[in-house]
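K.L.:
below is the sequence, then the predicted model.
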Amino acid sequence: NQDDARLNWVVGAFYSHSRQTAKQFVQDTFLPDLYSAITGCNFTDPPPPRIPPLPNGCPPAAGFGQPLADGLYTFVADPIIARDDQMALFTQLDYALTDKLTLIAGLRVSKTEVEATADYRGPVVGPPVSDGGSQEEEPITPKLGISYDINDDNMVYATAAKGFRIGGYNPRVGLPCAPFLTALGLFDSTGAPAAPTLFSSDTVWSYELGSKNTLADGRVQLSSSVYFIDWEDIQQGIALQCGFTFVANLGSATSKGFDVDAQFDLTSNLRFGLSVGYGEAEYDETVRGGPAATNNLVTDGDRIPGSPWSGSAYTQLAFTAFGERKGYARLDYQYSARQDGVIGANNPSNGSFNPNAVFIPPKTSVLSLRAGVNWSSGLELAAFVNNVTDSQPTLTQALSGGLGPVMPSLYQHTTLRPRTFGLTMTYRY
């Protein structure tokens with residue numbers, strides 16, 4: 001490549017190998033007594049397919065059929081081993097048709113392999129399970145673009161690019177999930193209710209129009225774009241009422257929106273930045289697990305979880321202190337709007353719907369402060385306060401467990417980290 005050449009190019013290769021080993025022991029020693037107290041049934045009563053009523057008057061399939069594993073655990077995964085290998089060749093060509101107009105073309109050819117094995121046992125699993133699987137894929141992802149320099153301070157561009165996200169492996173869900181999997185039409189090769197063992201990569205075609213502008217003698221910098229995304233074979237988590245979750249490829253969706261980012265140098269020492277974005281993504285089709293399904297996995301028109309409106313702002317003041325040392329003070333603010341539309345988990349037509357667990361992500365806002373000084377060459381001292389207002393909205397809600405035929409009633413909530421303040425010392429060399 002040469003700076004004044006019409007054609008500039010890059011060619012490269014990529015390789016990664018990762019291996020992860022995990023063990024999980026869920027200790028619920030209180031559960032047998034709690035289960036008996038709530039249901040009047042024995043924790044070890046036989047599970048399906050027992051049909052006659054039990055002597056204690058409990059309904060058929062009332063229990064888990066076994067005690068706690070090792071007298072302690074409802075669920076044991078020992079071990080789960082996951083491995084993935086990725087390799088790729090890629091190239092990009094930039095060709096200047098004129099001094100102002102440039103064409104861009106790129107291509108990436110990848111090969112991915114995912115392999116996983118796992119051993120499970122415990123009452124919520126049923127009979128011990130040795131599970132595993134592997135898959136290979138060869139995604140090809142092109143990129144096309146064009147840019148036009150109106151002048152030294154303004155340019156416009158258009159791009160179309162394809163991307164992918166590598167697939168993976170689903171651990172086996174528990175035996176109490178069988179009726180929920182049946183309703184979704186999900187079965188393994190033996191005809192037993194089961195979540196899909198593997199999920200494939202999903203792909204997107206992204207189309208974007210945008211501009212980059214410098215105004216007011218360089219004191220204002222502006223970037224803006226509009227986009228449209230065609231999303232296929234979407235990887236989406238499905239939360240079952242039994243407390244387990246798996247990932248499946250759920251058809252297609254479209255996403256569209258815009259974003260604007262601006263930066264203003266108000267003085268030589270004071271800078272202000274602002275960004276605003278809007279995005280809307282929803283499924284384009286109804287997806288079921290099979291012809292016997294009585295519930296959808298997702299329904300045409302379901303929104304994909306995510307805030308429709310987001311924004312951020314900051315201001316930073318530069319100053320001198322402590323003997324002409326350079327310092328700064330900065331304020332950051334981030335905002336996300338409340339989820340709009342109906343997401344899949346809140347749609348009664350879908351198998352993941354639980355009327356006792358309907359949740360709509362709220363709006364959030366976070367204010368943070370930071371001030372620091374460059375004390376010596378490479379050394380920075382700073383003080384910070386994150387989440388100044390100590391905002392604590394409920395960000396997510398999930399079922400945290402189940403009691404066989406009893407409707408799960410324990411939930412997990414997440415929120416923002418509380419107000420946090422402190423000092424940092426950073427040395428760069």
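P.N.:
The structure has been received and is ready for your questions.
K.L.:
from the chain's centre, how far out does stretch 149-160 sit?
P.N.:
Stretch 149-160 sits 32 Å away from the centroid of its parent chain (Cα atoms, centre = their mean, to the nearest Å).
K.L.:
could I get it in CSV with only the CA atoms?
P.N.:
The C-alpha coordinates for stretch 149-160 follow below in CSV (Å, rounded to 0.1, in the frame of the first residue of the first chain):
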residue,chain,number,x,y,z
ASP,A,149,-15.6,13.3,0.4
ILE,A,150,-17.6,16.5,-0.2
ASN,A,151,-14.7,18.5,1.1
ASP,A,152,-12.0,18.2,3.8
ASP,A,153,-14.7,18.6,6.6
ASN,A,154,-17.6,16.6,5.3
MET,A,155,-18.2,13.1,3.9
VAL,A,156,-21.0,10.7,3.3
TYR,A,157,-21.0,6.9,3.1
ALA,A,158,-23.0,3.8,2.5
THR,A,159,-22.2,0.3,3.5
ALA,A,160,-23.7,-3.2,3.3
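K.L.:
quick one: buried residues of that stretch?
P.N.:
D149, M155, Y157, T159 (16 or more other Cβ atoms under 10 Å). Just so you know, the C-beta spots here come from the backbone N, C-alpha and C atoms, and that holds for glycine as well.
K.L.:
E208: which of those is nearest?
P.N.:
Set against E208, the nearest of the buried residues of stretch 149-160 by Cβ to Cβ is T159 (5.0 Å).
K.L.:
list the contacts for the closest one?
P.N.:
Applying Cβ atoms under 8 Å, 6 or more residues apart in numbering, we find T159 in contact with I104, K143, L144, G145, I146, S206, Y207, E208.
K.L.:
just the pLDDT for it.
P.N.:
For T159, the pLDDT comes out at 97.
K.L.:
same check on P362?
P.N.:
The predicted local confidence for P362 is 93.
K.L.:
apart from its neighbours in sequence, what residue is nearest it?
P.N.:
Leaving aside its chain neighbours, P362 sits nearest to P393 (4.8 Å; criterion: Cβ to Cβ, 6 or more residues apart in numbering).
K.L.:
in three-state terms, label the one you found for me.
P.N.:
coil (DSSP: H, G, I helix; E, B strand; the rest coil).
K.L.:
am I right that it is in contact with T415?
P.N.:
Yes: because the distance of 6.2 Å satisfies Cβ atoms under 8 Å, P393 is recorded as touching T415.
K.L.:
okay, now T190: neighbour count?
P.N.:
6 (other Cβ atoms under 10 Å).
K.L.:
show the model's pLDDT score for it.
P.N.:
Predicted confidence (pLDDT) for T190: 83.
K.L.:
again with P60
P.N.:
53.
K.L.:
then D3?
P.N.:
Taking D3 on its own, its pLDDT is 67.
K.L.:
what ranges do the strands span in the stretch 251-400 of the chain?
P.N.:
252-265, 270-283, 309-321, 325-336, 364-376, 379-386, 396-399 (DSSP state E, counting those that start in this stretch).
K.L.:
actually the stretch 101-250 of the chain, not the one I wrote
P.N.:
Using DSSP E, counting those that start in this stretch, strands in the stretch 101-250 of the chain cover 101-121, 129-137, 140-151, 154-165, 168-169, 198-199, 202-215, 220-232, 235-239, 245-249.
K.L.:
could I get these in a markdown table, plus columns for distance to C177?
P.N.:
Converted to a markdown table, the strands of the stretch 101-250 of the chain look like this (distance: least, Cβ to Cβ, whole Å):
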| stretch | distance to C177 |
| --- | --- |
| strand 101-121 | 13 |
| strand 129-137 | 13 |
| strand 140-151 | 35 |
| strand 154-165 | 25 |
| strand 168-169 | 17 |
| strand 198-199 | 17 |
| strand 202-215 | 24 |
| strand 220-232 | 27 |
| strand 235-239 | 11 |
| strand 245-249 | 9 |
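K.L.:
who wins for proximity to A383 among those?
P.N.:
Per Cβ to Cβ, nearest to A383 of the strands of the stretch 101-250 of the chain: strand 220-232, 28.8 Å.
K.L.:
give me the distance between the residue nearest to P362 and T420.
P.N.:
16 Å (Cβ to Cβ, to the nearest Å).
K.L.:
cool, K212 as well?
P.N.:
35 Å.
K.L.:
re the thing from before, which one of P393 and T420 has more residues nearby?
P.N.:
Shown here are P393 and T420; by other Cβ under 10 Å, P393 has more neighbours (16 against 12).
K.L.:
so what's the residue lying closest to N374 once chain neighbours are set aside up against?
P.N.:
Excluding the flanking residues, the one nearest N374 by Cβ to Cβ, 6+ apart is K326, at 4.8 Å. Shown in contact with K326 (Cβ under 8 Å, 6+ apart): A318, F319, T320, V373, N374.
K.L.:
could you pick out the buried ones from those residues?
P.N.:
The buried subset of the contacts of K326 (16+ other Cβ under 10 Å) comprises V373, N374.
K.L.:
tell me where the stretch 1-150 of the chain has helices.
P.N.:
31-39 (DSSP state H, counting those that start in this stretch).
K.L.:
which stretches of it have low pLDDT?
P.N.:
1-3, 47-62 (pLDDT under 70).
K.L.:
try 90 this time
P.N.:
Residue ranges of the stretch 1-150 of the chain with pLDDT under 90: 1-5, 24, 26-67, 74-80, 82, 84, 114-136.
K.L.:
could you report the neighbour count for T267?
P.N.:
Around T267 there are 9 residues (other Cβ under 10 Å).
K.L.:
returning to what we had before: dump the buried residues of stretch 149-160 to JSON lines, plus distance to D119.
P.N.:
Output for the buried residues of stretch 149-160, formatted as JSON lines (distance: Cβ to Cβ, whole Å):
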{"residue": "D149", "distance to D119": "60"}
{"residue": "M155", "distance to D119": "57"}
{"residue": "Y157", "distance to D119": "52"}
{"residue": "T159", "distance to D119": "46"}
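K.L.:
and which of those is nearest to R108?
P.N.:
Among the buried residues of stretch 149-160, and counting by Cβ to Cβ, the member closest to R108 is T159, at 14.5 Å.
K.L.:
mind listing what D33 touches?
P.N.:
Per Cβ under 8 Å, 6+ apart, neighbours of D33: none.
K.L.:
between the strands of the stretch 101-250 of the chain, which one is closest to S310.
P.N.:
Among those, if distance is taken as Cβ to Cβ, the winner is strand 220-232, at 14.1 Å.
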